[in-house]
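Novice: Have a look; sequence and predicted model below, questions after that.
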Amino acid sequence: MLRQLTIKDFVIVDRLELSFLSGFGALTGETGAGKSILIDALALTLGERADAGVVRSGCEKAEVAATFEIAGLPEVRTWLAANDLDGDDELLLRRVVDAGGRSRAYINGSPATVQQLREVGEWLVDIHGQHAHQSLLRSEAQRVLLDTHAGLSGLGAEVATAWKNWRELELALRSASEGADALLREREQLQWQIGELDGLAFGDDEWATLDVEHRRLGHAASLIEGAQYALAVLSEDDAACERQIDGVATRLASLAEYDPALAEVADLIGSVQAELSDAVSTLRRYTDRVDLDPARLAQVERRMDAVMSHARKYRVQPAELPDLLAGWRQRLAALDESADLAALETKVAAAKAAYRAVAEKLSGGRRKAAAEMGLAVSEVMRQLALSSGRFEVALLPVADGAVYGLEQVEFRIGGLAGNEAKSLAKVASGGELSRISLAIQVLTSRSASVPTLIFDEVDVGIGGGVAEIVGRLLHELGCERQVLCVTHLPQVAAQANWQWQVSKSTRDGVTLSAIQPLDEAGRVQEIARMLGGVEITDITLKHARELLGTRAKKAKA
């Protein structure tokens, strides 16, 4: 669960260090005080998109760091080990964004990618935004929500892969059928080109070898002359180096008998004698091997001309001809396979069958999850004063299937405007949609495995007794995991185990946001403010104490 959040120079926050508790916590305050900034800062550490706008005006960078307790999350430990990001029972995620919009990410102090933050964040926090009810009207969002709730996302990915494989093979079959003549011409051209390069028999490293040999044969006279000159100077002339060094060595050796200090020099001269002798021997072998061979030179030049001619013809460098030939052979093999329409048809049929098999497995999981989800959401709706309504998940067949499976998902509501269940978008009003969305979010959160749930003003459009029920539902969730809710409703805030107040003030002409943990007396004042507005009366204070007292009594019960 989330243990600590440190925010520095983020939007209108100069510096905050927050230590989180378990259970259900409420974040309250005036509109515009910066309640959602806390959620935005946390989302940044979980891999959300960053831009220069998050950096507080006049600052060089914004920095957010979140510490999580992961003792009970073995999958997180496994992921960290697999990514060489091992840590102890705590996980530190950190994000730095500079004034230019560039960001850096860190996991346990080591540099990481934003994608890695997203991956590990999926096991840590689930954020329900205040506009969730709007996305709930989209069919795609409904399908993803059902699959995620039922644990079918992995199977959905298999279906998508099988679909793409099937469609790619179908496209290949269609192309082969429609362009048979063009493919035949291409095959004939490739066969002729391959035959031509096969006849050249040009090896991978042959050009480099030919180039070296051509330069050696073309300069054979100069090479021989140079080697002979070196032999003369080193060994064969009357004043050759070898004879003079031998004389020096003999002289020093005799003098070393009188002064041992010359012995070291004599030894060095001896090494020179040995090295020079080896050099002279190597030169003699070289002059014996190198000779003028005009016939071989002409042969090499003819070979190089032939290679160059083919390279110019196909507009590549000579050394690239072997790779060109390999590419042609690969393409010809693909064309030969495409030309076999019967084999392609067999592959298409097999791919379609594989898609149908995995898609039908996904459909079975969806049918079971749809029935369970319909009953569960309907129960929560009744608690949210929608007792006449019932929630259904319809699975609408898709002809020939689709990348997401054999059916589209549609959330339906019955009982609100007639008994017949109709699409959610056509039935629910704004207030009803908010409550239905909250019911779905509460249900999916109960089945989620993440330890921390965050609700950002998801109670918009709700009030009165329904708001108290919402608070009670969130409190129940808080008994199982850590829950944080940004809310304007006193009935919801009063149900929290702990509460923070967000305020905004001006310091030296700069607007800053601050968060203050509230004790029991502070909670009474804040709940009273939420109930009564600017002027807090004895009646609103009494009402606030009653709300908090009701929560305390239910907690004891």
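Specialist: Received the coordinates, thanks.
Novice: Which helix or which strand is home to V466?
Specialist: Taking DSSP states H and E as the definition, one finds V466 inside helix 464-480.
Novice: tell me what that helix is packed against?
Specialist: Packing contacts for helix 464-480, counted by 3 or more C-beta pairs under 8 Å, 6 or more residues apart in numbering; DSSP states H and E, involve strand 24-29, helix 341-383, helix 430-447, strand 482-486, helix 490-493, helix 538-556. For glycine as for every other residue, the C-beta is placed from the backbone atoms N, C-alpha and C.
Novice: Excluding its own residues, what touches it? List them.
Specialist: Helix 464-480 has contacts (C-beta atoms under 8 Å, 6 or more residues apart in numbering) with 22-25, 380, 383-385, 435, 438, 442, 445-446, 453, 455, 459, 462, 483, 485, 489-497, 551, 554.
Novice: Out of these, which end up buried?
Specialist: When the contacts of helix 464-480 are checked for burial by 16 or more other C-beta atoms under 10 Å, the buried set is 22-25, 380, 383-385, 435, 438, 442, 445-446, 453, 455, 459, 462, 483, 485, 489-497, 551.
Novice: these two touch, right, W79 and G121?
Specialist: No - taking contact to mean C-beta atoms under 8 Å, the distance of 10.9 Å between W79 and G121 leaves them out of contact.
Novice: These two: who's more crowded?
Specialist: Here W79 and G121 are compared on neighbour count by other C-beta atoms under 10 Å; more neighbours surround G121, at 21 against 17.
Novice: ok, now which ones touch the more buried one?
Specialist: Contacts here follow C-beta under 8 Å, 6+ apart; on that basis G121 touches T45, L46, G47, L93.
Novice: how close does the first one get to R481?
Specialist: Remark: distance between T45 and R481 (C-beta to C-beta, to the nearest Å) = 19 Å.
Novice: neighbour-wise, which of these two wins?
Specialist: Taking neighbours as other C-beta under 10 Å, T45 and R481 compare with T45 leading, 27 against 19.
Novice: burial count for V233?
Specialist: With neighbours defined by other C-beta under 10 Å, the count for V233 comes to 13.
Novice: To clarify, my last question referred to R94.
Specialist: Around R94 there are 20 residues (other C-beta under 10 Å).
Novice: next one: the one 5 residues further on
Specialist: Here the neighbour count serves as a burial measure; for A99 (other C-beta under 10 Å) it reads 15.
Novice: what kind of secondary structure is D9 in?
Specialist: Remark: D9 carries the secondary structure label strand [criterion: DSSP: H, G, I helix; E, B strand; the rest coil].
Novice: Now do the contacts for it.
Specialist: Contacts of D9 were listed using C-beta under 8 Å, 6+ apart, and they are R15, V55, R56, C59, K61, A62, E63.
Novice: if we go to 10 Å?
Specialist: Taking C-beta atoms under 10 Å, 6 or more residues apart in numbering as the criterion, D9 is in contact with 15, 54-64, 97, 99.
Novice: Show me which of those is closest to A521.
Specialist: Set against A521, the nearest of these by C-beta to C-beta is R15 (26.3 Å).
Novice: from memory the closest one sits against I7, does it?
Specialist: Yes - the pair R15 / I7 is scored as a contact, 7.0 Å apart, by C-beta atoms under 10 Å.
Novice: Can you report phi and psi for the residue nearest to G23 when sequence neighbours are not counted?
Specialist: Taking C-beta to C-beta, 6 or more residues apart in numbering as the measure, G23 lies nearest to N497, with 3.7 Å between them; neighbours along the chain are not counted. With angles defined as degrees, to the nearest 10, N497 sits at phi -80, psi -30.
Novice: Now the one helix or strand P322 maps to: buried residues?
Specialist: When secondary structure is defined by DSSP H and E, P322 falls within helix 321-339. Using 16+ other C-beta under 10 Å as the burial criterion, the residues of helix 321-339 that qualify are L321, P322, L324, L325, W328, L332, L335, S338.
Novice: can you tell me the average pLDDT over that helix?
Specialist: Helix 321-339 shows a mean pLDDT of 82 in the predicted model.
Novice: just the angle between it and helix 341-383, please?
Specialist: Angle, helix 321-339 to helix 341-383, by axes from the mean of the first three to the mean of the last three C-alpha atoms, to 10 degrees: 80 degrees.
Novice: how about helix 321-339 as CSV, C-alpha atoms only?
Specialist: Provided in CSV are the C-alpha atoms of helix 321-339 (Å, rounded to 0.1, in the frame of the first residue of the first chain):
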residue,chain,number,x,y,z
LEU,A,321,26.1,-8.8,-54.2
PRO,A,322,26.0,-11.9,-51.8
ASP,A,323,23.4,-10.2,-49.6
LEU,A,324,21.4,-9.2,-52.7
LEU,A,325,21.4,-12.8,-53.9
ALA,A,326,20.3,-14.1,-50.4
GLY,A,327,17.4,-11.6,-50.5
TRP,A,328,16.3,-12.7,-53.9
ARG,A,329,16.3,-16.3,-52.8
GLN,A,330,14.2,-15.5,-49.7
ARG,A,331,11.7,-13.6,-51.8
LEU,A,332,11.6,-16.4,-54.4
ALA,A,333,10.9,-18.9,-51.6
ALA,A,334,8.0,-16.7,-50.4
LEU,A,335,6.6,-16.4,-53.9
ASP,A,336,6.9,-20.2,-54.4
GLU,A,337,4.9,-20.6,-51.2
SER,A,338,2.3,-18.0,-52.3
ALA,A,339,2.0,-19.6,-55.7
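Novice: what sits up against it?
Specialist: The contact list for helix 321-339 (C-beta under 10 Å, 6+ apart) reads 172-173, 175-177, 179-180, 183-184, 186-187, 189-191, 193-194, 196-198, 200, 202-207, 307, 310-311, 314-317, 320, 343-344, 347.
Novice: Point out where the stretch 451-557 of the chain drops to low pLDDT.
Specialist: Within the stretch 451-557 of the chain, the segments meeting pLDDT under 70 span 458, 461, 533-534, 550-557.
Novice: Can you tell me, leaving aside adjacent residues, what's nearest to V403?
Specialist: Ranked by C-beta to C-beta, 6+ apart and with sequence neighbours excluded, the top spatial neighbour of V403 is W163, at 4.6 Å.
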